[in-house]
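[1] Please work out how this folds:
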Amino acid sequence: SNDAASLTVSADVALITTPELSITKSALVTDNTSADESDIANDNSGVADDEGSVDSAGDTVLYTITVANTGNTTLTNVVVSDTMATGLSVYLDNMLLTANSDGILVIPSIAVGSSAVLTYTYTATQDDINNQGGGDGDLDNTASITDSDQTLSNDAASLTVSADVALITTCLLYTSDAAD
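    Alright, predicted model coming up:
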């Protein structure tokens, strides 16, 4: 017969995926004052605070969290935890995200070599000033990546960052030099 025999050969090559992330966080403080003569004299011009510190209720802190995909596979449903973001408007680029009551935010997807940038503004309260940020003199703010659909190959400690802002409290004591 003229039936040709067919041969099939295959070679399997292993695919190695390395899902990895990096996270950074920064803080930019803006004074809660409008420019007038007293502000200019005290350098409280309503612009970014050169000292990076909060010195009055109403000062705002713009937090920026950058999550970069440093691995070789697209990552999905990346969970960022930041308790200070609870109840605040958090933006992923220009998309509004909602943090749950534990400060959990979900980034839908981060392509290989790309970054997701989260931003939100925290307004310092009088309680922050009075309590000196819980007693240590700064606003403690930590963000961490807690999960994704992929098993991350990073060391867990490398997935937590802080951006603490100093609180400045001032106490003025006035005395009278009244003549006897």
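[2] Please make it C-alpha for all contacts and neighbour counts, starting now.
    Fine.
[3] Please name the residues that touch the spatially most central residue of the chain.
    Nearest to the mean C-alpha position of the chain, counting by C-alpha atoms, centre = their mean, stands Ile65 at 3.3 Å. With contact taken as C-alpha atoms under 8 Å, 6 or more residues apart in numbering, Ile65 is in contact with Ile23, Thr24, Lys25, Ser26, Val117, Leu118, Thr119, Ala143.
[4] in its sheet, what does the helix or strand hosting it sit against?
    For Ile65, the enclosing helix or strand under DSSP states H and E is strand 60-69. Strand 60-69 has these partner strands in its sheet, going by DSSP bridges: strand 21-30 (antiparallel), strand 115-123 (antiparallel).
[5] Tell me the one of the contacts of Ile65 nearest Gly71?
    Set against Gly71, the nearest of the contacts of Ile65 by C-alpha to C-alpha is Ile23 (12.9 Å).
[6] picking up where we left off before, buried stuff in the strand holding Ile65?
    Under the neighbour-count criterion of 16 or more other C-alpha atoms under 10 Å, strand 60-69 has Thr60, Val61, Tyr63, Thr64, Ile65, Thr66, Val67, Ala68, Asn69 buried.
[7] Repeat that for stretch 126-146.
    Result for stretch 126-146 [16+ other C-alpha under 10 Å]: buried residues Asp128, Ile129, Gln132, Gly133, Gly137, Asp138, Leu139, Asn141, Ala143, Ser144, Ile145.
[8] who's in contact with the first one?
    Each residue near Asp128 by C-alpha under 8 Å, 6+ apart is listed here: Ala57, Gly134, Leu139.
[9] quick check, the second one in a strand?
    No: counting by DSSP: H, G, I helix; E, B strand; the rest coil, Gly134 falls outside a strand, being coil.
[10] Identify the residue nearest it in space, chain neighbours excluded?
    Distances taken as C-alpha to C-alpha, 6 or more residues apart in numbering put Asp128 closest to Gly134, at 7.5 Å, once the chain neighbours are dropped.
[11] Which helix or strand lies directly C-terminal to the helix or strand where that neighbour lies?
    Using DSSP H and E, Asp128 sits within helix 126-130. Remark: after helix 126-130, the chain's next helix or strand is strand 138-139, criterion DSSP H and E.
[12] Which elements pack onto that next one?
    Under the contact criterion of 3 or more C-alpha pairs under 8 Å, 6 or more residues apart in numbering; DSSP states H and E, strand 138-139 touches strand 165-167.
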